[in-house]
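Chemist: What would the 3D arrangement of this be:
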Amino acid sequence: MKENPHLLTLVKYILPEEIFEYFEMTRIEEQGKELHIYLDENPDKPDFYSAYTLSSKGFHEEAVIKDYPIRNKAALLHVRRRRWLVEETGKVVSREWNLTAEGTRYTQGFATFLKGLIGYLPDTQSFP
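Modeler: Numbers count the residues shown, from 1 in each chain. The predicted structure is shown next:
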């Protein structure tokens, strides 16, 4: 995605902070009442395998994570994590990210907000 510094500054105030440290925004699509934001993990090799030769093996299947609505549109983050082949062992590895609240498909901040506001997380629990 062609970077516009003003747009990037604005988006950094809207999306979770950790996103921009580890992911690149590749595109944004508006579909009805939803805003789809596509993110690919940066091509940095995992530090814990620095002693090995790693080669990129593309991406895992994308995960869709719900975040705070933006201008009355559901914000859906489409996140793709990279896969790496450890040449010496033949093992495929990747980083683990804690982008979602445990047991949900909500960002940690959005899950905390919803739970505080309504007392439960929609789509994961029944009404209290």
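
Chemist: wouldn't residue 56 be in contact with residue 84 here?
Modeler: Yes - when contacts are counted by C-beta atoms under 8 Å, residue 56 is listed as touching residue 84 (6.3 Å). All C-beta atoms are positioned from the backbone trio N, CA, C, and that covers glycine.

Chemist: More neighbours: these two, which one.
Modeler: residue 84 (21 against 11; other C-beta atoms under 10 Å).

Chemist: Can you list the neighbours in contact with the helix or strand hosting that one?
Modeler: Counting by DSSP states H and E, the secondary-structure element that holds residue 84 is strand 82-86. For strand 82-86, the surrounding residues in contact (C-beta atoms under 8 Å, 6 or more residues apart in numbering) are 40-41, 43, 45-46, 49, 52-60, 91-95.

Chemist: contacts for the helix or strand just after it?
Modeler: For strand 82-86, the following helix or strand on the C-terminal side (DSSP H and E) is strand 91-93. When contacts are taken as C-beta under 8 Å, 6+ apart, the neighbours of strand 91-93 outside the stretch itself are 46, 49, 54, 57, 83, 84, 85, 86.

Chemist: quick one: the helices in the protein?
Modeler: According to DSSP state H, the chain carries its helices in the segments 5-14, 17-22, 108-118.

Chemist: where does the protein have low pLDDT?
Modeler: By pLDDT under 70, the weakly predicted segments of the chain are 1-3, 98-128.

Chemist: Could you verify my assumption that residue 76 touches residue 34?
Modeler: Yes - the pair residue 76 and residue 34 qualifies as a contact (C-beta under 8 Å) at a distance of 5.9 Å.

Chemist: Which one of those two is surrounded by more residues?
Modeler: Shown here are residue 76 and residue 34; by other C-beta under 10 Å, residue 76 has more neighbours (17 against 12).
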